[in-house]
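Visitor: dropping a prediction and its sequence here:
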Protein chains: 4
Amino acid sequence: MTDAIRRHDPRVRGFASDNYAGVHPEILGAIALANEGHQTAYGDDVYTEALQEIFKRHFGPAAEVWPVFNGTGANVVALRAMTAPWEAVICAESAHVHTDEGGAPERTAGLKLLTVATSDGKLTPELIDLQAWGFGDEHRAQPRVVSITQTTELGTLYTPHQIAAVCEHAHGRGMLVHLDGARVTNAAAALGVPLRAFTADAGVDVLSFGGTKAGMMFGEAVVVLNPGAVRGLRYLRKSAMQLASKMRFVSVQFEALLAGELWLRNARNANAMARRLAEAVREIPGVEVTRRVEANAVFAILPPEVTERLRKRFRFYTWNEATGEVRWMTAFDTTEADVDVFAAALAEEIRSPV
Amino acid sequence: MTDAIRRHDPRVRGFASDNYAGVHPEILGAIALANEGHQTAYGDDVYTEALQEIFKRHFGPAAEVWPVFNGTGANVVALRAMTAPWEAVICAESAHVHTDEGGAPERTAGLKLLTVATSDGKLTPELIDLQAWGFGDEHRAQPRVVSITQTTELGTLYTPHQIAAVCEHAHGRGMLVHLDGARVTNAAAALGVPLRAFTADAGVDVLSFGGTKAGMMFGEAVVVLNPGAVRGLRYLRKSAMQLASKMRFVSVQFEALLAGELWLRNARNANAMARRLAEAVREIPGVEVTRRVEANAVFAILPPEVTERLRKRFRFYTWNEATGEVRWMTAFDTTEADVDVFAAALAEEIRSPV
Amino acid sequence: MTDAIRRHDPRVRGFASDNYAGVHPEILGAIALANEGHQTAYGDDVYTEALQEIFKRHFGPAAEVWPVFNGTGANVVALRAMTAPWEAVICAESAHVHTDEGGAPERTAGLKLLTVATSDGKLTPELIDLQAWGFGDEHRAQPRVVSITQTTELGTLYTPHQIAAVCEHAHGRGMLVHLDGARVTNAAAALGVPLRAFTADAGVDVLSFGGTKAGMMFGEAVVVLNPGAVRGLRYLRKSAMQLASKMRFVSVQFEALLAGELWLRNARNANAMARRLAEAVREIPGVEVTRRVEANAVFAILPPEVTERLRKRFRFYTWNEATGEVRWMTAFDTTEADVDVFAAALAEEIRSPV
Amino acid sequence: MTDAIRRHDPRVRGFASDNYAGVHPEILGAIALANEGHQTAYGDDVYTEALQEIFKRHFGPAAEVWPVFNGTGANVVALRAMTAPWEAVICAESAHVHTDEGGAPERTAGLKLLTVATSDGKLTPELIDLQAWGFGDEHRAQPRVVSITQTTELGTLYTPHQIAAVCEHAHGRGMLVHLDGARVTNAAAALGVPLRAFTADAGVDVLSFGGTKAGMMFGEAVVVLNPGAVRGLRYLRKSAMQLASKMRFVSVQFEALLAGELWLRNARNANAMARRLAEAVREIPGVEVTRRVEANAVFAILPPEVTERLRKRFRFYTWNEATGEVRWMTAFDTTEADVDVFAAALAEEIRSPV
């Protein structure tokens, strides 16, 4: 029925990243539902229209959702809509927007990032104040947005209270708060609270909502929680090359994810598998789990030769070349067997003579 | 099987744009094939690898393919990779990159476009020379790329010979040639030649290959035909926010389109339906077909009140407010019945008393 | 008293451009006055403070003046302060900001220019409307500013009434008006009206005020006539690299120019010399003056071999390679003898056998 | 002789910044020499031509000089000419280009800065390596230039040997070295070596040469020491709005500064006055000089109420709000009496009861 051929073994899964996973079958099903017939392009379709209501259910009546292609796109569009061309964004030195987006904020939007070193990827009012100064001085890019990531790039979680403290502090200093939620569903599942508890209800102004790592094929969304915090989003999304023509196929994926509890089932599974993995590897002598396992990431230090041998069997990333720390991510489709096989392989490599 | 619900009537199709159509079933099938299991993200997967060979088959052994999300992305990434930050792009005043991309080239890449008025959307050596001057003068943005569109935004076609003449002229003046091929498959089908006949073989350096309008869900590609014409494409694609994490799902769509003849079947159907439409409406008194129907677009002038009434039944765009010229596009899924029903409706509205 | 040495003949003047001239002696005197002792840098000095009042005297109590380094800087800072990052500027195809600024608006500010062909460098409401459309459509860069040049790049003048018509039309369509006044003093002198008659009083929102061609060493100013038309000018001037540290030396030059009538004396001389030149060369058979001589520019067509020979004696620019049209500019320091010598040389070259 | 009036007391000098000073009289004299008559604009004049030779005398035969308006302009033009649009610049967290340029590198050139915390404003190979990684990974902005400042923003000096070590390390890793020399003459004077000893001879590729703080009215220069390190400088200077039309008046100032030893006399005086100031205030109980005084900056901590009272008499900047550290700069025109009066005032304020 197609000239394409299957080129991979669908039984193989690993721990390199949650975006190595494919698409949840229910989401594929939703895409098929939305297919056939014509729908107005560029977001003026019935699926995108319906999405507004679905996001309002999760984030409150003020919420507005703007689907985009990917996470870098969501972050850049959100931050640009929140800033004038002379303003700046305060973020952690480990923030994805600073470290992993190829300079997209600077190159495509002229954004200045003011970074702060953190121990765990999390900003606090005190840390924010290391950069929140110089207001009114034209020699300094004007701090306007605080951008935090939940769950953080280090696998840690802000409590709703901690995010509320960041928001209160930022707002008190005339700034806005953006939350990079590439793994926002993992956070809600881990905290056991609704999505809005640590976003809209905590005072976050704009959210980058992650769909891809939650089980979608592609698609993220800029979710505006405080409409007064943004300007020109409609135009900025287009000029940032993030406006999909056949947008119904982004929107219906979000519908499949968020109309019921698919988002929660997927996130809970990923989180549970990370806990299972952490427990399993903690038992293995020579493996040190280095950070709190609060969502779907496990960081660990192993002997370098073990890392090397294990990597011949499973692909995963070294997080810190200097210390040999590695990162393992679980996904919506990770199974208990996957974890057990991996942990056994690790134990085996540790035991085997050099 | 999904919480999403079908919200539209899959039997309804119109003539507003070829991106109002959905996804060809064979392409949906290919996506399902590529699903399940883990694949390395960001293009280091087996489907993207295989795509290189498939594009080489169409465009010759030098071709390199870089999948991106959308057409604006393909154009901006291609043009930026072909230019230094002090160089400029010559294009027709009607070029999509100038008129319909929300200023993306200027805003995200600092590109200067030097436009030329044309009667039919097509550049010629003489028209190019209206802007190809000032080389070496720092007060003038330095012309470096000639960007043409095939099929043009006005539904017209360059012959392979005409494109070769453009390329020869541009190269002779130290410039490169980019082809915006959002509808490149329609062009090949209409000309009855291989895709390479009017691209690689005619001297085009870089091509934006359109997948979405050809029947894909999303996905376009920058196809480098002359590797010496680009720099930094890998990095520019990322910082332009056009790097899909689950890229296998872009690549496998292209495979479904291009491994066999799906691209040609789709394009032929769209083109044939445009011809059928043109023939049908030409018969109707009071309708003037205004441009040559060479691919899948029909432009016509109708009485304004007819346009108004017809639009209550079918969505389509007015191309020129001043003259009342409208545009009708056919797609891979347009049927003969669709055309006949539309033409009948038009005839009916023309006949009906005001 | 200095290790520098005089390297040029101060008696040699030509007609290539009004910025080939040096500095008016009164302006040099003013610079010396402002020298010695310390003054706060970056514009917080007493000379810049005093300048506010001087500009208000010319342009009315709402006027605010922001000195910058050069004309490109003034234009880019002004236009950026008037636009959001998704908005665009309508200007004549011949506008300096489009043709002679090396793409600075696009490269440094992401500005999209929407150009209109004109016969005489002047926009009209009808011409503006060729680009003033698509409001609310994110696919189109949103027209927000109309930028006109006075005197135009073609040496022509808008009447105050014509500028008022442009402003009324632009404002009526939700747009603002910028005036590139690189030669704004020549315009006022030629029209015989105060500077404000065709700027503030005609409805212009922001003015780029030209100092360099008026006799200064360097320095232009963004003059805000409608404070509601701009945002963030203080910051944009800095990030556009147009904030002089020792700004007192820009400001005192403007004071010397504008506190009394030096600006008018300089402009009147330049304009009178252009008229004298036009009259002299019109008498010469074989010379065709091609445009109205309304300020300090004379355009003419001569036999190509005459241009070539004359250029060995005097430097000047060919305006249009195709037609052989050349441009001669007069300056504040052009003398009657300069004109007469030049006209005689031209007559001589015309007479001499090939 | 001018309508401008003297508005300040030329006897008042302070310690706020070396750009609060005016213009050295010899430089004013040079400007007058270059005045009168016409010279080709935009750098094609005899003074700019002569400047090439003068800079070659200081920096060696490969050196090329490109005058610009100001320091931010010099840095941005230099860094942009050294990088492709996907590359990044490593600099100290305290670097002027990061902290004091209003985000100009990001906003106008899309440059990504990768910053490193330092104790004294100086980079080392080890510190550079904290950011020099990720080569070939498109998710990371590609490190390409190391930018150092001499003298640093903290008043400290690199030895020629330390700069050579930075250059060797950077080159070894495929990177280039830029030196921000806003106070490069103070550095040479303090080190007692020629300007080239710690620039061209140490391996620096491109230098921002500071003229303004050295006694000029305005004007800095991009000095290319390694012509292979830059691309498109001619065009980038223009589109960065840093091309002066009457450039002879920038160039002749540099000639006055560098043809003889004016640069050295000016720098020596400033440095000597800083040493005198440091010695004087060190004697005062309650004043702690916090950093090495190696050029023309003195940093000190005083009791806050003393700072407050002293500031009513002399303007100067607080460097660190948290610690109360203040910065005092000396200039080419600072006199021994200025220092003595200031130190006495400080002593007086310290002694006086609260």
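Guide: Great, that's in hand.
Visitor: so what pLDDT did A:L236 get?
Guide: Looking at A:L236, its pLDDT stands at 98.
Visitor: need phi/psi at it.
Guide: Dihedral pair for A:L236: phi -70, psi -40, per degrees, to the nearest 10.
Visitor: that one: neighbouring residues, count only.
Guide: 27 (other CB atoms under 10 Å in any protein chain shown). C-beta coordinates here come from the backbone N, C-alpha and C atoms, glycine included.
Visitor: let me see the mean pLDDT of the helix or strand where A:I128 lies.
Guide: Under the criterion of DSSP states H and E, A:I128 resides in helix A:125-129. Mean pLDDT, computed over helix A:125-129, is 98.
Visitor: from chain B, how far out is A:R173?
Guide: Counting by CB to the nearest CB, to the nearest Å, the gap from A:R173 to chain B is 29 Å.
Visitor: likewise A:V306?
Guide: 21 Å.
Visitor: tell me which parts of the stretch 151-300 of chain A are close to chain C?
Guide: A:231-232, A:234-239, A:243 (CB under 8 Å from any CB of the partner chain).
Visitor: among those residues, which ones are buried?
Guide: A:232, A:234-239, A:243 (16 or more other CB atoms under 10 Å in any protein chain shown).
Visitor: how deep is the residue in the stretch 151-300 of chain A positioned nearest to chain D tucked in, by neighbour count?
Guide: Nearest to chain D in the stretch 151-300 of chain A, going by CB to the nearest CB, is A:E153, at a distance of 12.2 Å. Using other CB under 10 Å, A:E153 has 21 neighbouring residues.
Visitor: my guess is it meets A:V97, correct?
Guide: No. Contact criterion CB atoms under 8 Å: A:E153 and A:V97 do not qualify, at 9.9 Å.
Visitor: follow-up on the earlier one: mind putting the buried ones among the residues of the stretch 151-300 of chain A next to chain C into JSON lines with secondary structure and distance to chain D?
Guide: Converted to JSON lines, those look like this (DSSP: H, G, I helix; E, B strand; the rest coil; distance: CB to the nearest CB, whole Å):
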{"residue": "A:G232", "secondary structure": "coil", "distance to chain D": "17"}
{"residue": "A:R234", "secondary structure": "helix", "distance to chain D": "23"}
{"residue": "A:Y235", "secondary structure": "helix", "distance to chain D": "19"}
{"residue": "A:L236", "secondary structure": "helix", "distance to chain D": "16"}
{"residue": "A:R237", "secondary structure": "helix", "distance to chain D": "20"}
{"residue": "A:K238", "secondary structure": "helix", "distance to chain D": "19"}
{"residue": "A:S239", "secondary structure": "helix", "distance to chain D": "15"}
{"residue": "A:L243", "secondary structure": "coil", "distance to chain D": "21"}
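Visitor: and A:G286, what does it touch?
Guide: Counting by CB atoms under 8 Å, 6 or more residues apart in numbering or on different chains, A:G286 touches A:302-303, A:306, A:350.
Visitor: can you rerun that using 10 Å?
Guide: A:301-303, A:306, A:346-347, A:349-351 (CB atoms under 10 Å, 6 or more residues apart in numbering or on different chains).
Visitor: any residues in contact with both of A:E153 and A:V97?
Guide: With CB under 10 Å, 6+ apart, A:E153 and A:V97 have common neighbours A:D180.
Visitor: helix, strand, or coil at A:D120?
Guide: Secondary structure, DSSP: H, G, I helix; E, B strand; the rest coil: A:D120 is coil.
Visitor: so how far is A:I90 from it?
Guide: Here the criterion is CB to CB, to the nearest Å. By it, A:D120 lies 17 Å from A:I90.
Visitor: which stretches of the stretch 1-150 of chain A form helices?
Guide: Under the criterion DSSP state H, counting those that start in this stretch, the stretch 1-150 of chain A contains helices at A:25-34, A:46-59, A:71-82, A:96-99, A:104-109, A:125-129.
Visitor: for A:L262, find the nearest of those helices.
Guide: helix A:25-34 (5.7 Å; CB to CB).
Visitor: for the closest one, name the packing helices and strands.
Guide: Applying 3 or more CB pairs under 10 Å, 6 or more residues apart in numbering or on different chains; DSSP states H and E, we find helix A:25-34 packed against helix A:46-59, helix A:248-258, helix A:262-282, helix B:25-34.
Visitor: let's see it at 8 Å
Guide: Counting contacts by 3 or more CB pairs under 8 Å, 6 or more residues apart in numbering or on different chains; DSSP states H and E, helix A:25-34 packs against helix A:248-258, helix B:25-34.
Visitor: how far away from the center of its chain is that helix?
Guide: Relative to its chain's centre, helix A:25-34 lies at 22 Å (CA atoms, centre = their mean, to the nearest Å).
Visitor: can you check stretch A:18-37 too?
Guide: 19 Å.
Visitor: which parts of that stretch are buried?
Guide: Going by neighbour count (16+ other CB under 10 Å), the buried part of stretch A:18-37 is A:18-37.
Visitor: export it to CSV, keeping only CA atoms.
Guide: What follows is stretch A:18-37, C-alpha atoms only, in CSV (Å, rounded to 0.1, in the frame of the first residue of the first chain):
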residue,chain,number,x,y,z
ASP,A,18,12.4,10.3,25.1
ASN,A,19,12.3,11.6,21.6
TYR,A,20,13.8,8.4,20.2
ALA,A,21,10.4,6.9,20.8
GLY,A,22,7.7,6.9,18.1
VAL,A,23,4.1,7.9,18.2
HIS,A,24,1.5,6.5,20.5
PRO,A,25,-1.0,4.4,18.6
GLU,A,26,-3.9,6.4,19.8
ILE,A,27,-2.3,9.5,18.4
LEU,A,28,-1.8,7.8,15.0
GLY,A,29,-5.5,6.9,15.2
ALA,A,30,-6.4,10.5,15.8
ILE,A,31,-4.4,11.6,12.8
ALA,A,32,-6.4,9.2,10.6
LEU,A,33,-9.6,10.5,12.0
ALA,A,34,-8.7,14.0,11.0
ASN,A,35,-7.6,13.0,7.5
GLU,A,36,-9.5,13.1,4.2
GLY,A,37,-11.6,16.0,3.0
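Visitor: where exactly do the strands run in chain A?
Guide: A:64-68, A:87-92, A:112-116, A:142-149, A:176-181, A:206-210, A:220-224, A:288-289, A:297-301, A:317-320, A:325-329 (DSSP state E).
Visitor: was I right about A:R313 contacting A:A345?
Guide: Yes. Counting by CB under 8 Å, A:A345 is a contact partner of A:R313 at 5.7 Å.
Visitor: enumerate every residue touching A:L264.
Guide: A:185, A:188-189.
Visitor: ok, it to A:G14 distance?
Guide: Going from A:L264 to A:G14 by CB to CB gives 24 Å.
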